[in-house]
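Asks: I would like to see how this sequence folds:
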Amino acid sequence: MLLAVDIGNTNVNFGLINKKGAITRFAGSGLKDKEIDEIIIVSVVPRMLKRIRHDLRRQFKGAKISVVGRDVKVPLKCAYNKRQIGQDRLITAFAAALLYGLPVLTIDFGTAVTFDVVSRKMVYLGGLILPGVKMSLESLSERTAMLPKTYLKKTRSFIGKNTASSIRSGMIYGYGALCEGLVKLFRKKLGKNMKIVATGGDAPLLTKHAPSVKNIDLDLSLKGLYLLSEKF
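Replies: Predicted coordinates for the structure are as follows:
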């Protein structure tokens, strides 16, 4: 069994993956009695990586542990500054390229919203980074005197009837429209047949208002870790 670990700025995702590629998500505490042969980790938080790697090494003494970017490289040619590229962006782009075809655009609705492109020639071209929805919500309440702290959830109407619903509609429809507009710009660069896949916790809600985004894959990074361990 393979344990894939995605350490992000907000969440840590653990996926237990068998040889057929079937993924079972776990909280860290649910792994105690599992038989794991190999562990592969992608991380954007160095402190958390060090701690989790240490804990996993103690718990699964016979398992091989690999860290993406250090022990194993994502096999994409890269037109981006290699010293600055996040391995999380590379692993989701890699997974999207293998699973959905080329050229492909991945949109990750996480702590930040990232757009990443792989060309028809399997070259990672780069992308865009925007503040994530939760980050924007927090910024509104922290930097204004009158706007309340709220959270993201489905709204009943496009036009908000109170302050909280106005903020939620602004986020949901605003990010949806932003996403749709940027997809059109990417298609002008890469062609109308460009594949699109969204991931990240907010993807199901926000892409309802971005009709060009047909594919949602919440396990894209875990699938990328599995593909990397199996093929490379």
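
Asks: make it CA atoms for all contacts and neighbour counts henceforth
Replies: Fine.

Asks: Tell me which helix or strand comes right after the longest strand along the chain.
Replies: Longest strand in the chain, counting residues (DSSP state E): strand 123-131. Counting by DSSP states H and E, the element after strand 123-131 in chain order, helix or strand, is helix 133-142.

Asks: before we move on, the earlier item: can you dump the C-alpha atoms of the longest strand of the chain in PDB for me?
Replies: C-alpha atoms of strand 123-131 as PDB (Å, rounded to 0.1, in the frame of the first residue of the first chain):
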ATOM      1  CA  VAL A 123       5.900  21.500 -20.900                       C
ATOM      2  CA  TYR A 124       4.800  23.200 -17.700                       C
ATOM      3  CA  LEU A 125       4.400  26.800 -18.900                       C
ATOM      4  CA  GLY A 126       3.500  28.500 -15.600                       C
ATOM      5  CA  GLY A 127       0.300  30.200 -14.600                       C
ATOM      6  CA  LEU A 128      -1.500  32.600 -12.300                       C
ATOM      7  CA  ILE A 129      -1.800  33.000  -8.500                       C
ATOM      8  CA  LEU A 130      -4.700  34.800  -6.900                       C
ATOM      9  CA  PRO A 131      -5.800  35.100  -3.200                       C
END
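
Asks: what does it rub up against?
Replies: Contact partners of strand 123-131, identified using Cα atoms under 8 Å, 6 or more residues apart in numbering, comprise 76-80, 90, 93, 111-119.

Asks: which residues of the chain fall in strands?
Replies: Going by DSSP E, the chain shows strands at 2-7, 12-17, 23-26, 38-43, 64-67, 77-78, 104-109, 112-118, 123-131, 195-199, 215-216.

Asks: so of the ones you listed, which one's packed in deepest?
Replies: strand 104-109 (a mean of 28; mean count of other Cα atoms under 10 Å).

Asks: still on that earlier bit, figure out how far the longest strand of the chain is from the centre of its chain.
Replies: 12 Å (Cα atoms, centre = their mean, to the nearest Å).
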